[in-house]
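Asker: Need coordinates for the following:
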Amino acid sequence: MSKNYEQGSAKVEKSTPDINVIEDFSNNIFRMNFRDCLFDSTISKRFSVKEETEESEGVEWQSYNLLNGGKRVVKIENNWENKMQVSRITFYDNSYKTKKGISVTSFFKDVKPFIDTLKLNNSVDGELVFHDIQFPNMVYVFDVSNNAKLYNGVKRISNIPNNLEISTITVFRKN
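Answerer: Numbering: from 1, shown residues only. Below is the predicted model of the structure:
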């Protein structure tokens, strides 16, 4: 989204991020310290925030669940080594779309042209995860925990049904 501003006799175009575009939202959040997310006016005006402590394999980190009407729509997580740094952002709601129009509940057939299909069995059991070719720190996650044929991964892209829905989209901080 762009806004035009007059400055003297020259026009200056200033770009403002669109909060519902995943890449813009993520880039904006990654520029902040983790704690500053709570005070960001865009977040505080649109969401209620639930802070949680996450844990896996003895490692703890913090997360902010952004809620809209009591429903989690976005999760922002810090880095367990550097608590001030946002590590990843996960989108759970289809009101957030990529610049290509892909959202949670988009189908595999919609995302297939935009993913790296060389890494087919790189996921934990019950999930298929594909990296975006142009934005490689963004992954499309498909929950296949109830699909016996896909549960342990796939060997060929043709084995994935076109009507399989994306369950989440996650963006990782670039190193």
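Asker: correct me, but Thr117 touches Phe130?
Answerer: Yes - between Thr117 and Phe130 there is a contact under CB atoms under 8 Å: 7.3 Å. All C-beta spots, glycine's among them, are computed from the backbone N, C-alpha and C.
Asker: Which one of the two is surrounded by more residues?
Answerer: Ranked by neighbour count (other CB atoms under 10 Å), Thr117 and Phe130 place Phe130 first, with 25 against 13.
Asker: any idea how far the more buried one lies from Ile102?
Answerer: Phe130 sits 11 Å away from Ile102, going by CB to CB, to the nearest Å.
Asker: who touches both of those two?
Answerer: 111, 140 (CB atoms under 8 Å, 6 or more residues apart in numbering).
Asker: where do the helices sit along this structure?
Answerer: 22-30, 41-46, 108-111 (DSSP state H).
Asker: so which of those helices comes closest to Ser56?
Answerer: Among the helices of the chain, helix 22-30 comes nearest to Ser56, with 21.6 Å by CB to CB.
Asker: Show me the contact partners of that closest one.
Answerer: 17-19, 37, 40, 42, 74, 76, 86, 89, 91, 96-99, 135, 138, 169, 171, 173-174.
Asker: Just the buried residues from those residues, in PyMOL please.
Answerer: A single PyMOL command selects the buried members of the contacts of helix 22-30 (16 or more other CB atoms under 10 Å):
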select buried, resi 17+19+37+74+76+86+89+91+96+97+98+135+138+169+171
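Asker: Break this protein down into its structural domains.
Answerer: 1-95, 97-175 (automatic domain parsing).
Asker: before we move on, the earlier item: for the helices of the chain, give me CSV that also has distance to Phe142 and mean pLDDT.
Answerer: Formatted as CSV, the helices of the chain follow (distance: least, CB to CB, whole Å; pLDDT from 0 to 100):
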stretch, distance to Phe142, mean pLDDT
helix 22-30, 16, 94
helix 41-46, 27, 87
helix 108-111, 7, 96
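Asker: Can you tell me which of those is most buried?
Answerer: helix 22-30 (a mean of 20; mean count of other CB atoms under 10 Å).
Asker: Send me that one as CSV with only the CA atoms.
Answerer: Provided in CSV are the C-alpha atoms of helix 22-30 (Å, rounded to 0.1, in the frame of the first residue of the first chain):
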residue,chain,number,x,y,z
ILE,A,22,2.3,-11.9,5.3
GLU,A,23,5.6,-10.7,3.9
ASP,A,24,5.0,-7.1,4.9
PHE,A,25,3.7,-8.0,8.4
SER,A,26,6.6,-10.3,9.0
ASN,A,27,9.3,-7.8,7.8
ASN,A,28,7.8,-5.2,10.1
ILE,A,29,7.8,-7.5,13.1
PHE,A,30,11.3,-8.8,12.5
